[in-house]
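Colleague: Here's my sequence, what's the structure:
(chains A, B, C and D)
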There are 2 protein chains.
Amino acid sequence: MPSTATAAPGSDNSAGLVLGQLKDDILTGFFSPGEKLKMTTLKARYQVGVSPLREALSQLLVEQLVVVENQRGFKVHPISQAEMQDIYQTRSHIEALCVVQAIENGDDAWEAGIVAAAHQLKKSASLLEQSEADLHRWEALHQAFHTAIARGCQSPSLLHVRRSLYEKASRYRNLWLKQNMIDGVVFDANQKDHNDLVDAVLARDSDTAERLIKEHLLAPYRALKNFVY
Amino acid sequence: MPSTATAAPGSDNSAGLVLGQLKDDILTGFFSPGEKLKMTTLKARYQVGVSPLREALSQLLVEQLVVVENQRGFKVHPISQAEMQDIYQTRSHIEALCVVQAIENGDDAWEAGIVAAAHQLKKSASLLEQSEADLHRWEALHQAFHTAIARGCQSPSLLHVRRSLYEKASRYRNLWLKQNMIDGVVFDANQKDHNDLVDAVLARDSDTAERLIKEHLLAPYRALKNFVY
DNA sequence: GGAGCCAATAATGTCGACATTTTTAACTTA
DNA sequence: TAAGTTAAAAATGTCGACATTATTGGCTCC
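Modeller: Residues are numbered from 1 along each chain as shown, chains lettered A, B, ... in the order given. As a prediction, this is how the structure comes out:
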(Lines give C-alpha, C1' and ligand atoms only; values in the text may rest on other atoms or scores of the structure.)
Protein backbone atom coordinates (compact mmCIF):
# COMPACT_ATOMS: atom_id res chain seq x y z
CA MET A 1 0.00 0.00 0.00
CA PRO A 2 1.42 3.38 -0.95
CA SER A 3 2.00 6.04 1.60
CA THR A 4 -0.94 8.19 2.53
CA ALA A 5 1.55 11.04 2.68
CA THR A 6 -0.84 12.77 4.96
CA ALA A 7 1.31 13.04 8.03
CA ALA A 8 2.95 16.42 8.31
CA PRO A 9 6.37 16.11 9.96
CA GLY A 10 6.66 18.16 13.11
CA SER A 11 10.24 19.22 12.54
CA ASP A 12 12.93 18.21 10.13
CA ASN A 13 15.01 16.36 12.67
CA SER A 14 15.27 12.61 12.88
CA ALA A 15 12.36 12.28 15.29
CA GLY A 16 10.11 14.33 13.06
CA LEU A 17 10.90 12.26 10.01
CA VAL A 18 10.34 8.95 11.72
CA LEU A 19 7.10 10.31 13.14
CA GLY A 20 5.75 10.77 9.66
CA GLN A 21 6.90 7.37 8.46
CA LEU A 22 5.68 5.53 11.52
CA LYS A 23 2.32 7.24 11.42
CA ASP A 24 1.97 6.30 7.78
CA ASP A 25 2.88 2.70 8.54
CA ILE A 26 0.18 2.56 11.18
CA LEU A 27 -2.50 4.32 9.14
CA THR A 28 -1.88 2.17 6.09
CA GLY A 29 -1.88 -1.01 8.13
CA PHE A 30 1.74 -1.99 7.61
CA PHE A 31 1.76 -2.38 11.36
CA SER A 32 -1.45 -4.10 12.35
CA PRO A 33 -3.78 -3.00 15.15
CA GLY A 34 -2.54 -4.34 18.47
CA GLU A 35 0.84 -5.32 17.03
CA LYS A 36 3.81 -5.06 19.32
CA LEU A 37 6.26 -2.38 18.20
CA LYS A 38 9.64 -3.74 19.21
CA MET A 39 12.52 -1.32 19.30
CA THR A 40 14.78 -3.67 17.36
CA THR A 41 12.18 -3.87 14.60
CA LEU A 42 11.69 -0.12 14.44
CA LYS A 43 15.42 0.61 14.60
CA ALA A 44 16.00 -1.69 11.65
CA ARG A 45 13.11 -0.28 9.63
CA TYR A 46 13.77 3.42 10.10
CA GLN A 47 17.52 3.34 10.63
CA VAL A 48 17.54 5.43 13.78
CA GLY A 49 18.27 4.90 17.46
CA VAL A 50 15.82 4.58 20.29
CA SER A 51 15.71 8.26 21.19
CA PRO A 52 13.99 9.55 18.04
CA LEU A 53 11.79 6.47 18.06
CA ARG A 54 10.56 7.07 21.56
CA GLU A 55 9.89 10.71 20.76
CA ALA A 56 7.82 9.77 17.74
CA LEU A 57 5.97 7.10 19.69
CA SER A 58 5.26 9.59 22.47
CA GLN A 59 3.55 11.84 19.98
CA LEU A 60 1.53 9.00 18.50
CA LEU A 61 0.54 8.15 22.04
CA VAL A 62 -1.19 11.51 22.43
CA GLU A 63 -2.87 11.04 19.07
CA GLN A 64 -4.00 7.64 20.29
CA LEU A 65 -2.45 5.74 17.43
CA VAL A 66 -0.30 3.68 19.79
CA VAL A 67 -0.68 2.53 23.38
CA VAL A 68 2.03 2.00 25.97
CA GLU A 69 2.49 -0.11 29.07
CA ASN A 70 5.32 0.59 31.42
CA GLN A 71 8.30 -1.69 30.89
CA ARG A 72 6.37 -3.53 28.20
CA GLY A 73 6.81 -1.09 25.37
CA PHE A 74 4.48 0.20 22.70
CA LYS A 75 1.71 -1.42 20.71
CA VAL A 76 -0.33 -0.17 17.78
CA HIS A 77 -3.62 1.14 19.12
CA PRO A 78 -6.20 -1.65 18.83
CA ILE A 79 -9.29 -1.18 16.69
CA SER A 80 -12.83 -1.95 17.70
CA GLN A 81 -16.34 -1.58 16.48
CA ALA A 82 -16.98 0.81 19.35
CA GLU A 83 -14.03 3.06 18.57
CA MET A 84 -14.87 3.13 14.90
CA GLN A 85 -18.39 4.28 15.62
CA ASP A 86 -17.12 6.87 18.08
CA ILE A 87 -14.54 8.25 15.66
CA TYR A 88 -16.86 8.48 12.69
CA GLN A 89 -19.68 10.06 14.65
CA THR A 90 -17.50 12.62 16.39
CA ARG A 91 -15.83 13.36 13.11
CA SER A 92 -19.17 14.11 11.47
CA HIS A 93 -20.03 16.53 14.27
CA ILE A 94 -16.66 18.27 14.11
CA GLU A 95 -16.72 18.53 10.33
CA ALA A 96 -20.20 19.98 10.55
CA LEU A 97 -18.96 22.61 13.00
CA CYS A 98 -16.19 23.49 10.57
CA VAL A 99 -18.57 23.79 7.63
CA VAL A 100 -21.10 25.90 9.49
CA GLN A 101 -18.46 28.27 10.76
CA ALA A 102 -16.79 28.38 7.38
CA ILE A 103 -20.07 29.48 5.85
CA GLU A 104 -20.18 32.26 8.43
CA ASN A 105 -16.58 33.37 8.06
CA GLY A 106 -15.45 32.38 4.59
CA ASP A 107 -14.28 35.06 2.19
CA ASP A 108 -13.80 35.21 -1.57
CA ALA A 109 -10.48 33.39 -1.56
CA TRP A 110 -12.15 30.60 0.38
CA GLU A 111 -14.89 30.27 -2.24
CA ALA A 112 -12.31 30.24 -5.00
CA GLY A 113 -10.39 27.49 -3.24
CA ILE A 114 -13.52 25.40 -3.02
CA VAL A 115 -14.45 25.56 -6.68
CA ALA A 116 -10.82 24.89 -7.65
CA ALA A 117 -10.63 21.81 -5.43
CA ALA A 118 -14.04 20.62 -6.62
CA HIS A 119 -12.90 20.93 -10.21
CA GLN A 120 -9.75 18.91 -9.63
CA LEU A 121 -11.72 16.27 -7.80
CA LYS A 122 -14.26 15.98 -10.57
CA LYS A 123 -11.60 15.63 -13.25
CA SER A 124 -9.82 12.97 -11.22
CA ALA A 125 -13.02 11.03 -10.60
CA SER A 126 -13.86 10.86 -14.31
CA LEU A 127 -10.69 9.00 -15.17
CA LEU A 128 -10.71 6.88 -12.06
CA GLU A 129 -9.41 3.36 -12.53
CA GLN A 130 -9.63 0.81 -9.80
CA SER A 131 -5.89 0.78 -9.36
CA GLU A 132 -4.47 1.32 -5.92
CA ALA A 133 -2.45 4.32 -6.98
CA ASP A 134 -5.47 6.01 -8.61
CA LEU A 135 -7.51 5.35 -5.54
CA HIS A 136 -4.97 7.05 -3.32
CA ARG A 137 -4.63 10.00 -5.64
CA TRP A 138 -8.37 10.43 -5.63
CA GLU A 139 -8.52 10.19 -1.86
CA ALA A 140 -5.87 12.89 -1.56
CA LEU A 141 -7.94 15.19 -3.78
CA HIS A 142 -11.08 14.22 -1.92
CA GLN A 143 -9.53 15.21 1.37
CA ALA A 144 -8.13 18.40 -0.16
CA PHE A 145 -11.63 19.29 -1.34
CA HIS A 146 -13.18 18.92 2.09
CA THR A 147 -10.25 20.71 3.66
CA ALA A 148 -10.78 23.60 1.29
CA ILE A 149 -14.28 23.97 2.68
CA ALA A 150 -13.40 23.43 6.32
CA ARG A 151 -10.45 25.80 6.20
CA GLY A 152 -12.89 28.70 5.99
CA CYS A 153 -13.84 28.28 9.63
CA GLN A 154 -10.51 29.95 10.39
CA SER A 155 -10.21 28.14 13.69
CA PRO A 156 -6.81 26.47 14.19
CA SER A 157 -8.05 24.45 17.13
CA LEU A 158 -11.04 23.06 15.24
CA LEU A 159 -8.90 22.23 12.24
CA HIS A 160 -6.39 20.53 14.51
CA VAL A 161 -9.06 18.26 15.95
CA ARG A 162 -10.44 17.68 12.49
CA ARG A 163 -7.08 16.49 11.18
CA SER A 164 -6.57 14.15 14.08
CA LEU A 165 -9.97 12.56 13.58
CA TYR A 166 -9.42 12.23 9.85
CA GLU A 167 -6.25 10.31 10.49
CA LYS A 168 -7.87 7.94 12.93
CA ALA A 169 -10.78 7.36 10.57
CA SER A 170 -8.47 6.86 7.60
CA ARG A 171 -6.93 3.87 9.35
CA TYR A 172 -10.27 2.11 9.43
CA ARG A 173 -10.83 3.00 5.81
CA ASN A 174 -7.40 1.75 4.76
CA LEU A 175 -7.76 -1.49 6.69
CA TRP A 176 -11.05 -2.07 5.00
CA LEU A 177 -9.62 -1.33 1.56
CA LYS A 178 -6.83 -3.77 2.24
CA GLN A 179 -9.35 -6.59 2.31
CA ASN A 180 -11.98 -5.29 -0.13
CA MET A 181 -10.05 -3.75 -2.98
CA ILE A 182 -12.50 -4.82 -5.67
CA ASP A 183 -15.38 -2.42 -5.26
CA GLY A 184 -13.28 -0.08 -3.20
CA VAL A 185 -14.65 3.33 -3.94
CA VAL A 186 -18.34 2.71 -4.30
CA PHE A 187 -19.04 4.11 -0.91
CA ASP A 188 -17.62 7.60 -1.32
CA ALA A 189 -17.05 8.27 -4.98
CA ASN A 190 -20.54 9.60 -5.46
CA GLN A 191 -19.96 12.91 -7.13
CA LYS A 192 -23.48 14.10 -6.48
CA ASP A 193 -22.76 14.48 -2.75
CA HIS A 194 -19.98 16.89 -3.58
CA ASN A 195 -21.95 18.92 -6.08
CA ASP A 196 -24.81 19.35 -3.63
CA LEU A 197 -22.42 20.28 -0.86
CA VAL A 198 -20.68 22.91 -2.96
CA ASP A 199 -24.04 24.39 -3.93
CA ALA A 200 -25.21 24.61 -0.34
CA VAL A 201 -21.92 26.03 0.88
CA LEU A 202 -21.64 28.70 -1.79
CA ALA A 203 -25.30 29.59 -1.19
CA ARG A 204 -24.35 29.95 2.48
CA ASP A 205 -27.12 27.56 3.38
CA SER A 206 -25.86 26.34 6.75
CA ASP A 207 -28.64 23.95 7.59
CA THR A 208 -28.50 22.11 4.28
CA ALA A 209 -24.71 22.01 4.27
CA GLU A 210 -24.64 20.67 7.81
CA ARG A 211 -27.09 17.93 6.94
CA LEU A 212 -25.23 17.00 3.77
CA ILE A 213 -21.77 16.87 5.31
CA LYS A 214 -22.92 14.77 8.26
CA GLU A 215 -24.58 12.31 5.91
CA HIS A 216 -21.54 12.31 3.64
CA LEU A 217 -19.24 11.35 6.51
CA LEU A 218 -21.54 8.79 8.07
CA ALA A 219 -22.23 6.94 4.80
CA PRO A 220 -18.81 5.26 4.72
CA TYR A 221 -19.24 4.33 8.35
CA ARG A 222 -22.44 2.47 7.52
CA ALA A 223 -20.59 0.65 4.76
CA LEU A 224 -17.66 -0.22 6.98
CA LYS A 225 -19.40 -1.04 10.21
CA ASN A 226 -20.20 -4.62 9.27
CA PHE A 227 -16.57 -5.23 8.52
CA VAL A 228 -15.40 -7.94 10.88
CA TYR A 229 -12.00 -7.31 12.36
CA MET B 1 0.67 28.84 42.68
CA PRO B 2 -0.39 25.34 43.73
CA SER B 3 -0.53 22.52 41.28
CA THR B 4 -3.64 22.24 39.19
CA ALA B 5 -3.25 18.47 39.61
CA THR B 6 -5.24 18.13 36.45
CA ALA B 7 -2.69 16.39 34.31
CA ALA B 8 -3.17 12.65 34.25
CA PRO B 9 0.19 10.91 33.88
CA GLY B 10 0.40 8.74 30.81
CA SER B 11 2.36 5.97 32.43
CA ASP B 12 4.17 5.59 35.71
CA ASN B 13 7.63 5.76 34.22
CA SER B 14 9.93 8.72 34.50
CA ALA B 15 8.70 10.31 31.29
CA GLY B 16 5.08 10.03 32.40
CA LEU B 17 5.79 11.66 35.73
CA VAL B 18 7.75 14.54 34.28
CA LEU B 19 4.99 15.03 31.71
CA GLY B 20 2.51 15.73 34.48
CA GLN B 21 4.85 18.06 36.32
CA LEU B 22 5.93 19.93 33.23
CA LYS B 23 2.39 20.34 32.02
CA ASP B 24 1.40 21.70 35.40
CA ASP B 25 4.31 24.12 35.37
CA ILE B 26 3.21 25.43 32.00
CA LEU B 27 -0.50 25.62 32.81
CA THR B 28 0.11 27.39 36.11
CA GLY B 29 2.52 29.83 34.52
CA PHE B 30 5.66 28.74 36.34
CA PHE B 31 7.15 28.68 32.87
CA SER B 32 5.93 31.75 31.05
CA PRO B 33 4.50 31.80 27.54
CA GLY B 34 7.30 31.90 24.99
CA GLU B 35 9.94 31.05 27.58
CA LYS B 36 12.87 28.97 26.42
CA LEU B 37 12.92 25.54 28.02
CA LYS B 38 16.60 24.74 28.36
CA MET B 39 17.52 21.15 29.00
CA THR B 40 19.87 22.10 31.82
CA THR B 41 17.05 23.94 33.56
CA LEU B 42 14.59 21.10 33.13
CA LYS B 43 17.12 18.47 34.18
CA ALA B 44 17.80 20.37 37.35
CA ARG B 45 14.15 20.97 38.15
CA TYR B 46 12.80 17.47 37.54
CA GLN B 47 15.94 15.47 38.31
CA VAL B 48 15.88 13.37 35.15
CA GLY B 49 17.97 13.05 32.02
CA VAL B 50 17.23 14.34 28.59
CA SER B 51 15.46 11.24 27.32
CA PRO B 52 12.36 11.42 29.53
CA LEU B 53 12.34 15.16 29.11
CA ARG B 54 12.25 14.98 25.34
CA GLU B 55 9.50 12.38 25.49
CA ALA B 56 7.39 14.60 27.71
CA LEU B 57 8.07 17.63 25.53
CA SER B 58 7.12 15.64 22.44
CA GLN B 59 3.73 14.95 23.94
CA LEU B 60 3.24 18.57 24.95
CA LEU B 61 4.12 19.46 21.39
CA VAL B 62 1.10 17.55 20.10
CA GLU B 63 -1.07 19.18 22.73
CA GLN B 64 0.31 22.52 21.53
CA LEU B 65 1.56 23.56 24.94
CA VAL B 66 5.14 23.87 23.66
CA VAL B 67 6.69 24.67 20.31
CA VAL B 68 9.93 23.37 18.86
CA GLU B 69 12.46 24.57 16.35
CA ASN B 70 15.06 22.23 15.02
CA GLN B 71 18.42 22.59 16.76
CA ARG B 72 16.99 25.43 18.82
CA GLY B 73 15.07 23.44 21.36
CA PHE B 74 11.69 23.88 22.93
CA LYS B 75 9.76 26.95 24.03
CA VAL B 76 6.53 27.30 25.94
CA HIS B 77 3.73 27.84 23.43
CA PRO B 78 3.15 31.60 23.14
CA ILE B 79 -0.19 33.11 24.02
CA SER B 80 -2.15 35.56 21.97
CA GLN B 81 -5.46 37.28 21.87
CA ALA B 82 -6.29 35.33 18.73
CA GLU B 83 -5.50 31.95 20.24
CA MET B 84 -7.41 32.72 23.37
CA GLN B 85 -10.51 33.58 21.38
CA ASP B 86 -10.11 30.50 19.26
CA ILE B 87 -9.68 28.19 22.24
CA TYR B 88 -12.60 29.57 24.20
CA GLN B 89 -14.96 29.57 21.23
CA THR B 90 -14.09 26.09 20.09
CA ARG B 91 -14.33 24.91 23.67
CA SER B 92 -17.84 26.24 23.97
CA HIS B 93 -18.86 24.42 20.80
CA ILE B 94 -17.27 21.14 21.93
CA GLU B 95 -18.73 21.36 25.40
CA ALA B 96 -22.13 22.02 23.86
CA LEU B 97 -21.76 18.91 21.73
CA CYS B 98 -20.94 16.92 24.85
CA VAL B 99 -23.92 18.27 26.75
CA VAL B 100 -26.40 17.69 23.94
CA GLN B 101 -25.22 14.14 23.39
CA ALA B 102 -25.15 13.51 27.13
CA ILE B 103 -28.78 14.52 27.32
CA GLU B 104 -29.51 11.99 24.58
CA ASN B 105 -27.47 9.16 26.04
CA GLY B 106 -27.23 9.73 29.79
CA ASP B 107 -28.60 7.11 32.15
CA ASP B 108 -29.60 7.12 35.81
CA ALA B 109 -26.04 6.83 37.11
CA TRP B 110 -25.15 9.85 35.00
CA GLU B 111 -27.98 11.89 36.56
CA ALA B 112 -26.91 10.81 40.02
CA GLY B 113 -23.34 11.86 39.33
CA ILE B 114 -24.52 15.30 38.27
CA VAL B 115 -26.58 16.03 41.37
CA ALA B 116 -23.75 14.72 43.55
CA ALA B 117 -21.18 16.95 41.87
CA ALA B 118 -23.55 19.92 41.96
CA HIS B 119 -24.06 19.42 45.67
CA GLN B 120 -20.35 19.33 46.39
CA LEU B 121 -19.79 22.42 44.29
CA LYS B 122 -22.54 24.34 46.05
CA LYS B 123 -21.20 23.45 49.49
CA SER B 124 -17.71 24.48 48.48
CA ALA B 125 -18.89 27.77 47.01
CA SER B 126 -20.71 28.76 50.18
CA LEU B 127 -17.53 28.68 52.26
CA LEU B 128 -15.35 30.14 49.58
CA GLU B 129 -12.60 32.42 50.80
CA GLN B 130 -10.46 34.39 48.44
CA SER B 131 -7.41 32.32 49.31
CA GLU B 132 -5.47 30.75 46.53
CA ALA B 133 -5.92 27.24 47.89
CA ASP B 134 -9.68 27.66 48.22
CA LEU B 135 -9.87 28.99 44.73
CA HIS B 136 -8.11 25.97 43.32
CA ARG B 137 -10.21 23.57 45.34
CA TRP B 138 -13.32 25.25 44.00
CA GLU B 139 -12.03 25.14 40.44
CA ALA B 140 -11.37 21.42 40.78
CA LEU B 141 -14.95 20.86 41.92
CA HIS B 142 -16.21 23.16 39.21
CA GLN B 143 -14.47 21.16 36.57
CA ALA B 144 -15.64 17.90 38.16
CA PHE B 145 -19.19 19.18 37.96
CA HIS B 146 -19.03 19.97 34.28
CA THR B 147 -17.22 16.72 33.61
CA ALA B 148 -20.02 14.86 35.36
CA ILE B 149 -22.41 16.30 32.82
CA ALA B 150 -20.21 15.89 29.77
CA ARG B 151 -19.28 12.32 30.66
CA GLY B 152 -22.79 11.25 29.72
CA CYS B 153 -22.06 11.73 26.04
CA GLN B 154 -20.14 8.46 26.27
CA SER B 155 -17.81 9.47 23.48
CA PRO B 156 -14.13 8.95 24.34
CA SER B 157 -12.99 11.02 21.39
CA LEU B 158 -15.17 13.99 22.27
CA LEU B 159 -14.09 13.83 25.91
CA HIS B 160 -10.47 13.65 24.80
CA VAL B 161 -10.80 16.84 22.79
CA ARG B 162 -12.71 18.43 25.61
CA ARG B 163 -9.93 17.74 28.12
CA SER B 164 -7.29 19.11 25.81
CA LEU B 165 -9.21 22.35 25.28
CA TYR B 166 -9.88 22.70 28.99
CA GLU B 167 -6.17 22.51 29.68
CA LYS B 168 -5.32 25.11 27.09
CA ALA B 169 -8.03 27.43 28.37
CA SER B 170 -7.00 26.90 31.97
CA ARG B 171 -3.60 28.37 31.18
CA TYR B 172 -5.17 31.65 30.14
CA ARG B 173 -7.31 31.57 33.23
CA ASN B 174 -4.35 30.87 35.51
CA LEU B 175 -2.22 33.57 33.93
CA TRP B 176 -5.01 36.03 34.44
CA LEU B 177 -5.48 34.99 38.05
CA LYS B 178 -1.79 35.43 38.65
CA GLN B 179 -2.17 39.15 37.99
CA ASN B 180 -5.72 39.75 39.23
CA MET B 181 -6.01 37.72 42.37
CA ILE B 182 -8.21 40.22 44.17
CA ASP B 183 -11.60 39.72 42.61
CA GLY B 184 -10.54 36.43 41.15
CA VAL B 185 -13.69 34.38 41.02
CA VAL B 186 -16.31 36.93 40.18
CA PHE B 187 -16.47 35.79 36.61
CA ASP B 188 -17.43 32.20 37.11
CA ALA B 189 -18.60 31.67 40.65
CA ASN B 190 -22.16 32.51 39.76
CA GLN B 191 -24.08 29.63 41.22
CA LYS B 192 -27.21 30.48 39.28
CA ASP B 193 -25.62 29.37 36.00
CA HIS B 194 -25.07 25.94 37.47
CA ASN B 195 -28.53 25.59 38.93
CA ASP B 196 -30.15 26.52 35.65
CA LEU B 197 -27.87 24.16 33.75
CA VAL B 198 -28.67 21.24 36.05
CA ASP B 199 -32.38 21.94 35.66
CA ALA B 200 -32.19 22.00 31.88
CA VAL B 201 -30.02 18.91 31.70
CA LEU B 202 -32.15 16.82 34.01
CA ALA B 203 -35.25 17.99 32.14
CA ARG B 204 -33.48 16.80 28.98
CA ASP B 205 -34.00 20.21 27.44
CA SER B 206 -31.22 20.18 24.86
CA ASP B 207 -31.80 23.61 23.36
CA THR B 208 -31.80 25.39 26.69
CA ALA B 209 -28.83 23.42 27.99
CA GLU B 210 -26.86 24.15 24.84
CA ARG B 211 -27.54 27.85 25.11
CA LEU B 212 -26.67 27.94 28.81
CA ILE B 213 -23.41 26.02 28.54
CA LYS B 214 -22.17 28.09 25.63
CA GLU B 215 -22.90 31.28 27.51
CA HIS B 216 -21.33 29.87 30.66
CA LEU B 217 -18.07 29.12 28.87
CA LEU B 218 -17.92 32.34 26.90
CA ALA B 219 -18.55 34.59 29.89
CA PRO B 220 -15.05 34.15 31.32
CA TYR B 221 -13.64 34.79 27.88
CA ARG B 222 -15.37 38.15 27.76
CA ALA B 223 -13.88 38.93 31.16
CA LEU B 224 -10.40 37.85 30.16
CA LYS B 225 -10.21 39.16 26.64
CA ASN B 226 -9.19 42.66 27.61
CA PHE B 227 -6.32 41.27 29.63
CA VAL B 228 -3.17 42.67 28.11
CA TYR B 229 -0.42 40.12 27.78
C1' DG C 1 31.37 54.30 17.32
C1' DG C 2 29.11 50.66 14.77
C1' DA C 3 28.97 46.83 11.57
C1' DG C 4 31.00 42.57 10.32
C1' DC C 5 33.86 38.55 11.32
C1' DC C 6 35.84 34.84 14.07
C1' DA C 7 36.86 32.17 17.93
C1' DA C 8 35.01 30.37 22.27
C1' DT C 9 31.20 28.87 24.67
C1' DA C 10 26.92 26.69 25.19
C1' DA C 11 23.01 23.97 23.72
C1' DT C 12 20.70 20.49 20.99
C1' DG C 13 19.84 15.89 19.09
C1' DT C 14 21.41 11.22 18.63
C1' DC C 15 23.80 7.09 19.78
C1' DG C 16 25.67 3.25 22.43
C1' DA C 17 25.93 1.31 26.99
C1' DC C 18 23.83 -0.33 31.26
C1' DA C 19 20.67 -1.42 34.96
C1' DT C 20 16.08 -3.24 35.57
C1' DT C 21 12.25 -5.75 34.25
C1' DT C 22 9.79 -8.96 31.42
C1' DT C 23 9.58 -13.00 28.66
C1' DT C 24 11.11 -17.40 27.27
C1' DA C 25 12.66 -22.00 27.99
C1' DA C 26 14.41 -25.69 30.35
C1' DC C 27 14.04 -28.46 34.30
C1' DT C 28 12.20 -30.45 38.46
C1' DT C 29 8.62 -32.66 40.89
C1' DA C 30 4.45 -34.56 41.96
C1' DT D 1 1.92 -35.07 31.59
C1' DA D 2 0.95 -30.70 33.66
C1' DA D 3 2.01 -27.26 36.87
C1' DG D 4 5.45 -24.70 39.30
C1' DT D 5 10.21 -22.99 39.66
C1' DT D 6 14.39 -21.12 38.17
C1' DA D 7 17.86 -19.70 35.17
C1' DA D 8 18.85 -17.69 30.58
C1' DA D 9 17.61 -14.58 27.07
C1' DA D 10 15.57 -10.50 25.44
C1' DA D 11 13.46 -6.04 25.80
C1' DT D 12 12.63 -1.66 27.96
C1' DG D 13 13.78 2.86 29.90
C1' DT D 14 17.38 5.93 31.36
C1' DC D 15 21.84 7.99 31.51
C1' DG D 16 26.27 9.91 30.06
C1' DA D 17 29.06 10.96 26.10
C1' DC D 18 29.72 12.99 21.56
C1' DA D 19 29.13 15.20 17.15
C1' DT D 20 26.75 19.05 15.19
C1' DT D 21 24.69 23.39 15.38
C1' DA D 22 23.51 27.79 17.46
C1' DT D 23 24.84 31.64 20.41
C1' DT D 24 27.76 34.71 22.71
C1' DG D 25 31.49 37.95 23.18
C1' DG D 26 35.46 40.10 21.68
C1' DC D 27 38.17 41.87 17.96
C1' DT D 28 39.17 44.13 13.69
C1' DC D 29 38.33 47.34 10.30
C1' DC D 30 36.07 51.03 8.20
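Colleague: To what extent is residue A:154 buried, counted in neighbours?
Modeller: 17 (other C-beta atoms under 10 Å in any protein chain shown). All C-beta atoms are positioned from the backbone trio N, CA, C, and that covers glycine.
Colleague: Now it: closest residue in space that isn't a chain neighbour?
Modeller: If the residues on either side of it in the chain are set aside, residue A:154 comes closest to residue A:105, at 5.1 Å by C-beta to C-beta, 6 or more residues apart in numbering or on different chains.
Colleague: what's the pLDDT at that neighbour?
Modeller: What the model reports for residue A:105 is a pLDDT of 96.
Colleague: That one and residue A:83, how far apart?
Modeller: In this structure, residue A:105 lies at 32 Å from residue A:83, with C-beta to C-beta, to the nearest Å as the measure.
Colleague: Who has more neighbours out of the two?
Modeller: Using other C-beta under 10 Å as the criterion, residue A:105 and residue A:83 rank with residue A:83 on top: 17 against 12.
Colleague: correct me, but the more buried one touches residue B:156?
Modeller: Yes - taking contact to mean C-beta atoms under 8 Å, the distance of 7.5 Å between residue A:83 and residue B:156 places them in contact.
Colleague: Can you name the residues that contact residue A:78?
Modeller: Listed by C-beta atoms under 8 Å, 6 or more residues apart in numbering or on different chains, the contact partners of residue A:78 are A:33, A:34, A:67.
Colleague: from the residues you listed, which ones fall inside strands?
Modeller: By the criterion of DSSP state E, membership of the contacts of residue A:78 in strands covers residue A:67.
Colleague: nearest to DNA strand D, of the contacts of residue A:78?
Modeller: When the contacts of residue A:78 are compared for distance to DNA strand D (C-beta to the nearest atom of the strand), residue A:67 wins out at 11.0 Å.
Colleague: number of nearby residues for that closest one?
Modeller: When neighbours are counted by other C-beta under 10 Å, residue A:67 registers 16.
Colleague: how far is the helix or strand that contains residue A:125 from where the chain is centred?
Modeller: If you go by DSSP states H and E, residue A:125 is part of helix A:108-126. Shown here is helix A:108-126, whose average C-alpha point lies 19 Å from the average C-alpha point of the whole chain (C-alpha atoms, centre = their mean, to the nearest Å).
Colleague: Which secondary structure elements does that helix sit against?
Modeller: Using 3 or more C-beta pairs under 8 Å, 6 or more residues apart in numbering or on different chains; DSSP states H and E, the elements in contact with helix A:108-126 are helix A:132-150, helix A:191-202.
Colleague: now the strands: where do they sit in chain A?
Modeller: According to DSSP E, the strands that chain A contains are A:36-37, A:66-69, A:73-76.
Colleague: ok, the second one near DNA strand D or not?
Modeller: In this case it means strand A:66-69. Yes - taking C-beta under 7 Å from any atom of the strand as the criterion, strand A:66-69 and DNA strand D are in contact, through A:68, A:69.
Colleague: Output the set of residues of chain A in proximity to DNA strand C.
Modeller: Applying the criterion C-beta under 7 Å from any atom of the strand, the portion of chain A that neighbours DNA strand C consists of A:11, A:13-15, A:47-52, A:55, A:71-72.
Colleague: Identify the residue spatially nearest to residue A:106, adjacent ones excluded.
Modeller: Leaving aside its chain neighbours, residue A:106 sits nearest to residue A:152 (3.4 Å; criterion: C-beta to C-beta, 6+ apart).
Colleague: so who does that neighbour touch?
Modeller: With contact taken as C-beta under 8 Å, 6+ apart, residue A:152 is in contact with A:101, A:102, A:103, A:105, A:106, A:107, A:110.
Colleague: where does the residue lying farthest from the centre of chain A fall, phi/psi-wise?
Modeller: The outermost residue of chain A relative to its centre, with distances by C-alpha atoms, centre = their mean, is residue A:71 at 31.2 Å. Reported as degrees, to the nearest 10, the phi and psi values for residue A:71 are phi 70, psi 0.
Colleague: Against residue A:142, how distant is it?
Modeller: To residue A:142, residue A:71 is 42 Å away according to C-beta to C-beta.
Colleague: go on, residue A:157?
Modeller: Residue A:157 sits at a distance of 24 Å from residue A:142 (criterion: C-beta to C-beta).
Colleague: Looking only at neighbour counts, state which of those two leads.
Modeller: Set residue A:157 next to residue A:142 and count neighbours by other C-beta under 10 Å: residue A:157 wins out with 22 against 18.
Colleague: Can you check the pLDDT for the more buried one?
Modeller: Listed pLDDT for residue A:157 reads 98.
Colleague: ok, it touching residue B:90?
Modeller: Yes - contact status for residue A:157 versus residue B:90: in contact at 4.4 Å, counting by C-beta under 8 Å.
Colleague: Now the common contact residues for those two.
Modeller: Overlap between the contact sets of residue A:157 and residue B:90, as judged by C-beta under 8 Å, 6+ apart, is given by residue B:165.
Colleague: returning to what we had before: redo the helices and strands packed on helix A:108-126 as JSON lines? Include mean pLDDT.
Modeller: Listed next are the helices and strands packed on helix A:108-126 as JSON lines, based on pLDDT from 0 to 100:
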{"stretch": "helix A:132-150", "mean pLDDT": "91"}
{"stretch": "helix A:191-202", "mean pLDDT": "94"}
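Colleague: List the residue ranges of chain A that fall below the pLDDT cut-off.
Modeller: A:1-11, A:127-130, A:181-189, A:228-229 (pLDDT under 70).
Colleague: What distance do you get for the closest residue to residue A:150 other than its chain neighbours to residue A:83?
Modeller: When the adjacent residues along the chain are set aside, residue A:150 lies closest to residue A:98, with 3.8 Å between them (C-beta to C-beta, 6+ apart). Plainly put, residue A:98 is 22 Å away from residue A:83 if you go by C-beta to C-beta.
Colleague: Then residue A:140?
Modeller: Note on residue A:140: its distance to residue A:83, by C-beta to C-beta, is 25 Å.
Colleague: With residue A:216 instead?
Modeller: Counting by C-beta to C-beta, the separation of residue A:216 from residue A:83 is 21 Å.
Colleague: cool, residue A:146 as well?
Modeller: Applying C-beta to C-beta to residue A:146 and residue A:83 gives a distance of 22 Å.
Colleague: since we're on residue A:120, how many residues are nearby?
Modeller: Using other C-beta under 10 Å as the criterion, residue A:120 is surrounded by 14 other residues.
Colleague: How about it: what's its closest non-neighbour residue?
Modeller: Beyond its immediate neighbours in the sequence, the residue positioned closest to residue A:120 (C-beta to C-beta, 6+ apart) is residue A:141, lying 5.5 Å away.
Colleague: Do you have the helices of chain A handy? List them.
Modeller: A:14-27, A:39-46, A:50-62, A:81-105, A:108-126, A:132-150, A:156-179, A:191-202, A:206-224 (DSSP state H).
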